[in-house]
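Trainee: After the sequence you'll find the predicted model.
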Number of protein chains: 2
Amino acid sequence: MDRVTEQELSVWRLFIQTHSKIIEKIEGDLAEEKRVPLSTYDVLIELFEAPGRKLRLGDLTKKVVLTKSGLTRLVDRMEKEGLLKREKSEEDKRGAYAVLTEAGETELRRAWPVYAKGIKTYFAKPLEEADLQALNKALEVLRQTVED
Amino acid sequence: MDRVTEQELSVWRLFIQTHSKIIEKIEGDLAEEKRVPLSTYDVLIELFEAPGRKLRLGDLTKKVVLTKSGLTRLVDRMEKEGLLKREKSEEDKRGAYAVLTEAGETELRRAWPVYAKGIKTYFAKPLEEADLQALNKALEVLRQTVED
């Protein structure tokens, strides 16, 4: 295995730093507008898109993008806030479902415009069409590499 | 403000998903080799690179990339594990420093080869030179946008 070069390491650092900064900016906007944070949004959107608007906790962990560790704590907090409820599985014993509530759907819809504006402002708009295409191409290659 | 387009949203999703998957892969490798997780690595490297190998907690929060929220808990855990120690500031009252310990430096050095191999395998190697350049260019544009 070849060693990682200075240039590769520099692009990697830029990748994780830029990701972090954009997420931070969007989090700031959501907090300012008193909307749910991105980690909560991430759970809400996965539940919203799931059949029956519910997912087993194990499946939820696989799907969320921002908070893999600490997801149980996050789900607990969201349950307390009424954004989801837990439901026991009737078919088998393999643990509970998280189910989207109406309040959860409301918060999802309230957060989206702020989140969308952030994606536009900090990510899409600064990039020229060619940059966006190139970014897409590079990310597609990486996704194919890491997908099992 | 224009609305975010389908294509822009799709590249954004690819960006956060790919980031998440690569981080997950590297975390898996580190866990398998019984090395410190990336969040810990992130704190250790910032302390290692700081003058006197110490940082105020507030400055540490600004510098780390992976765990902004929950950093206090992480620092507590790392102190218990002996990877850093807290030191009161003598010059002023604005809170404590986190200081790298020898054990912390040892774990940093032990983790690096596994981390570096992950960067090579999941990020650098799959990309052709042109893709890496294009990615670098797009990320530079984004970094300039989000930096204050």
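Mentor: On my side now, so go ahead.

Trainee: Please count neighbours and contacts with C-alpha atoms only from this point.
Mentor: Will do.

Trainee: Can you name every helix or strand that the helix or strand hosting residue A:137 contacts?
Mentor: Assigned by DSSP states H and E, residue A:137 belongs to helix A:129-146. Contact here means 3 or more C-alpha pairs under 8 Å, 6 or more residues apart in numbering or on different chains; DSSP states H and E; on that basis helix A:129-146 packs against helix B:6-32, helix B:129-146.

Trainee: distance between the last one and the chain's centre?
Mentor: If I follow you right, that is helix B:129-146. 19 Å (C-alpha atoms, centre = their mean, to the nearest Å).

Trainee: same thing with stretch A:27-35?
Mentor: That offset, for stretch A:27-35, works out to 16 Å (C-alpha atoms, centre = their mean).

Trainee: hmm, who's touching it?
Mentor: The contact list for stretch A:27-35, computed with C-alpha atoms under 8 Å, 6 or more residues apart in numbering or on different chains, reads A:36-38, A:107, A:110-111, A:114-115, A:118.

Trainee: how does it look with 6 Å?
Mentor: Contact with stretch A:27-35 is made by residue A:111, as judged by C-alpha atoms under 6 Å, 6 or more residues apart in numbering or on different chains.

Trainee: per-residue confidence averaged over the helix holding residue A:137?
Mentor: Mean pLDDT, helix A:129-146: 94.

Trainee: For it, buried residues please.
Mentor: A:131-139, A:141-143, A:145-146 (16 or more other C-alpha atoms under 10 Å in any protein chain shown).

Trainee: re earlier: mind giving me JSON lines with the helices and strands packed on helix A:129-146 and columns for distance to residue B:61?
Mentor: JSON lines is the format used below for the helices and strands packed on helix A:129-146 (distance: least, C-alpha to C-alpha, whole Å):
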{"stretch": "helix B:6-32", "distance to residue B:61": "19"}
{"stretch": "helix B:129-146", "distance to residue B:61": "17"}
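
Trainee: what about the residue lying closest to residue A:8 once chain neighbours are set aside, neighbour count?
Mentor: Nearest residue to residue A:8 in three dimensions, chain neighbours excluded: residue B:124, at 5.9 Å (C-alpha to C-alpha, 6 or more residues apart in numbering or on different chains). Number of residues near residue B:124 (other C-alpha atoms under 10 Å in any protein chain shown) recorded here: 22.

Trainee: Over to residue A:52?
Mentor: Other residues close to residue A:52 by other C-alpha under 10 Å number 10.

Trainee: what distance separates the worst-scoring helix or strand of chain A on mean pLDDT from the middle of the whole chain?
Mentor: Between all helices and strands in chain A, the lowest mean by mean pLDDT, DSSP states H and E belongs to helix A:57-63, at a mean of 90. Distance of helix A:57-63 from the chain centroid (C-alpha atoms, centre = their mean) equals 12 Å.

Trainee: got the buried residues for it?
Mentor: Buried residues in helix A:57-63 (16+ other C-alpha under 10 Å): A:57, A:60-61, A:63.

Trainee: Sketch out the low-pLDDT regions of chain A for me.
Mentor: A:1, A:91-94, A:148 (pLDDT under 70).

Trainee: Up against chain B, what does it have?
Mentor: Those residues of chain A that sit near chain B, judged by C-alpha under 6 Å from any C-alpha of the partner chain, are A:4, A:8, A:11, A:18, A:20, A:65, A:120, A:124, A:131, A:134-136, A:138, A:143.

Trainee: Next, give me the two most distant ones among those residues.
Mentor: A:4 and A:120 (32.9 Å; C-alpha to C-alpha).

Trainee: what separates residue A:62 from residue B:137, distance-wise?
Mentor: According to C-alpha to C-alpha, to the nearest Å, residue A:62 stands 31 Å off from residue B:137.
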